[in-house]
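J.: structure here, sequence nowhere to be found:
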């Protein structure tokens, strides 16, 4: 009976999906290209908002269940067990149902834009929801926002592929999905728009704002209607900005910048440590999750996203953070509370690194807000306890600190400013938000040229920068341009064989290979013209006598910037390409420039 019902439900939803597809195909044939993009932006946003609601409700309800289990079972630290279960389940799902791999972090969106023409695998539309809900929902110390943005980007990308839209429209809808995800997750449409523009798209014109704004507003509206307000991250500021506190906000901005760098570097170190566990994923997951469980045992606020504890810090009773901890009997001691909060600031990067490095799925967006709120509280409370300034508004510093770390980690000061402005319900703190975010960004940018999510990709030249020409070059897959149908020759052949090669192909250079297909050198037709027309020299000249070394050799994993530099330094128009130490083919500078011109037409978002 149950099987029959499930089959009927599946048929019902498939029928609805087919009808919706038919309606969109009809709309595409009737509407103008621009109006269809607007309609698509709404559809992508609704899909993404529904995914956000599922994730948020699951994570929130598991958090409530964990707290209930702690109180009911009289085991104050039972929630340490949940992250182990969550990470192991995540690894199991990835291994058994997702082909053993899943792309984590918002950097994958940038990679898709820069190198894949905005194409994101279809499985990302559901894989992120399932795995991140298991990891973060069951207490992994990470955030849901990065999985949400990847899911939104996947909805946008696959929608565009379904209806055969151009590359520039595909990238635009990808950005719409990202904006909708942030807008829905925080009920902050402006922040969603700015995040899409500031982080995902580097080259954009004003007209592209319209579909992105439509998506962000739609996502926020659906979230507002369907998502309970207590699940969303929201604060009420304590008092208006007092310009006498400006020096302390400057101090907070400086500290936020340094803490951002500290968080990013420690996170990468932990992830790098777990990268050694390549063969046994379950062993890695169990080890990492167990260490994380120990951390949560001593510091329960590291459980999950941590939004509930952030709200607690901004209330009149922040000492309730020490409940269900080993320090519960010292709740009345404000110095103990201050030390506890300071340790959390330092440990969060390790907790997040353990969560993601061991095999869990999540992101650093929520951890950045978490660390920022704790840092802001620490600064204001320290000034109060040391009697340097007992009038600082602790709630305001807790709120503004979030913008500082978000700006420093993601190099997105505008997103940070407007996100915090929106979740506090007003912009009275705009001045301190601008001060803290800009200073934190400047400090972090000076020490780390790239944001934490894209550093590894940027080092390989695989993401966009502010250099438009470089962006276009990076988006070209040069391996597709390599001529692999190349005539080659070995050293044991005669010069007659070489000339026969030259007469049968339009090829200026002939690569000379050994028996293992390794490149020994090249024979350039321009350098042997005098020999070719001399029968005597043809007969008595060996290949090794006319062999020369190419001025540059291109490796298959060279970035486009490196490749163009090699063409410039060698002053050649044709260079050999090697892959894994073996000859792969020849690449022409003219071919690359032609691909550049074609890509330039495709990438301009209007």
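T.: Noted; the coordinates are in hand. Computed from a predicted model, the values in this text were never measured in an experiment.
J.: going by C-alpha atoms from here, please, whenever you check contacts or count neighbours.
T.: OK.
J.: which residue ranges form the helices in the stretch 201-350 of the chain?
T.: 209-226, 246-274, 281-298, 307-313, 334-357 (DSSP state H, counting those that start in this stretch).
J.: quick one: contacts for the residue lying closest to residue 439 once chain neighbours are set aside?
T.: Leaving aside its sequence neighbours, residue 439 sits nearest to residue 253 (Cα to Cα, 6 or more residues apart in numbering; 5.1 Å). Contact analysis of residue 253 by Cα atoms under 8 Å, 6 or more residues apart in numbering lists 401, 404, 435, 436, 437, 438, 439, 440.
J.: in TSV, list those along with distance to residue 38.
T.: Supplementary listing: the contacts of residue 253 in TSV, determined by distance: Cα to Cα, whole Å:
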residue	distance to residue 38
401	36
404	34
435	36
436	36
437	33
438	33
439	37
440	36
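J.: thinking again about what came up before, what's the most buried one of the helices of the stretch 201-350 of the chain?
T.: Of all the helices of the stretch 201-350 of the chain, helix 209-226 carries the top mean neighbour count, a mean of 24, counting by mean count of other Cα atoms under 10 Å.
J.: who does it touch, helix- and strand-wise?
T.: helix 33-73, helix 167-186, helix 189-195 (3 or more Cα pairs under 8 Å, 6 or more residues apart in numbering; DSSP states H and E).
J.: run the chain-centre distance for the longest one.
T.: I take that to be helix 33-73. Averaging C-alpha positions (Cα atoms, centre = their mean, to the nearest Å) puts helix 33-73 19 Å from its chain's average.
J.: same for that helix, what does it pack against?
T.: Counting by 3+ Cα pairs under 8 Å, 6+ apart, the packing neighbours recorded for helix 33-73 are helix 124-137, helix 145-162, helix 167-186, helix 209-226.
J.: that one vs helix 145-162, what angle?
T.: Here helix 33-73 runs at an angle of 150 degrees relative to helix 145-162 (axes from the mean of the first three to the mean of the last three Cα atoms, to 10 degrees).
J.: quick one: average pLDDT of helix 33-73?
T.: Mean pLDDT, helix 33-73: 82.
J.: what is the least confident helix or strand in the protein?
T.: Lowest mean confidence among the helices and strands of the chain (mean pLDDT, DSSP states H and E): helix 468-474, at a mean of 61.
J.: residues contacting the residue lying closest to residue 175 once chain neighbours are set aside?
T.: Distances taken as Cα to Cα, 6+ apart put residue 196 closest to residue 175, at 5.5 Å, once the chain neighbours are dropped. Neighbouring residues of residue 196 by Cα under 8 Å, 6+ apart: 175, 176, 178, 179, 212.
J.: which two of the residues you listed have the greatest separation?
T.: With Cα to Cα as the measure, no two of the contacts of residue 196 lie farther apart than 178 and 212, at 8.9 Å.
J.: ok, back up a step: closest one of the contacts of residue 196 to residue 565?
T.: Nearest to residue 565 out of the contacts of residue 196 is residue 175 (Cα to Cα; 31.7 Å).
J.: for the closest one, give its distance to residue 419.
T.: 17 Å (Cα to Cα, to the nearest Å).
J.: neighbour-wise, which of these two wins?
T.: Each of residue 175 and residue 419 has its neighbours counted (other Cα atoms under 10 Å); residue 175 has more, 35 against 25.
J.: just confirm the more buried one contacts residue 211, I think it does.
T.: No - counting by Cα atoms under 8 Å, residue 175 does not reach residue 211; the two are 9.3 Å apart.
J.: so how far is stretch 100-108 from its chain's centroid?
T.: Distance, centroid of stretch 100-108 to centroid of chain: 8 Å (Cα atoms, centre = their mean).
J.: now that stretch: mean pLDDT?
T.: Taken as a whole, stretch 100-108 carries a mean pLDDT of 79.
J.: give the buried residues for that stretch.
T.: 102, 104, 105, 106, 107, 108 (16 or more other Cα atoms under 10 Å).
J.: now these in a markdown table, please, with extra columns for distance to residue 303 and secondary structure.
T.: Shown next, in a markdown table, are the buried residues of stretch 100-108 (distance: Cα to Cα, whole Å; DSSP: H, G, I helix; E, B strand; the rest coil):
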| residue | distance to residue 303 | secondary structure |
| --- | --- | --- |
| 102 | 23 | coil |
| 104 | 20 | coil |
| 105 | 20 | coil |
| 106 | 22 | coil |
| 107 | 24 | helix |
| 108 | 26 | helix |
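J.: distance to residue 515 for these - can I get that in JSON lines?
T.: Listed next are the buried residues of stretch 100-108 as JSON lines, based on distance: Cα to Cα, whole Å:
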{"residue": "102", "distance to residue 515": "39"}
{"residue": "104", "distance to residue 515": "42"}
{"residue": "105", "distance to residue 515": "44"}
{"residue": "106", "distance to residue 515": "45"}
{"residue": "107", "distance to residue 515": "42"}
{"residue": "108", "distance to residue 515": "40"}
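J.: tell me the one of the residues you listed nearest residue 531?
T.: The nearest member of these to residue 531, counting by Cα to Cα, is residue 108 at 53.8 Å.
J.: where's the residue lying closest to the closest one once chain neighbours are set aside relative to residue 106, distance?
T.: Leaving aside its chain neighbours, residue 108 sits nearest to residue 150 (7.7 Å; criterion: Cα to Cα, 6+ apart). Computed as Cα to Cα, the residue 150 to residue 106 distance reads 6 Å.
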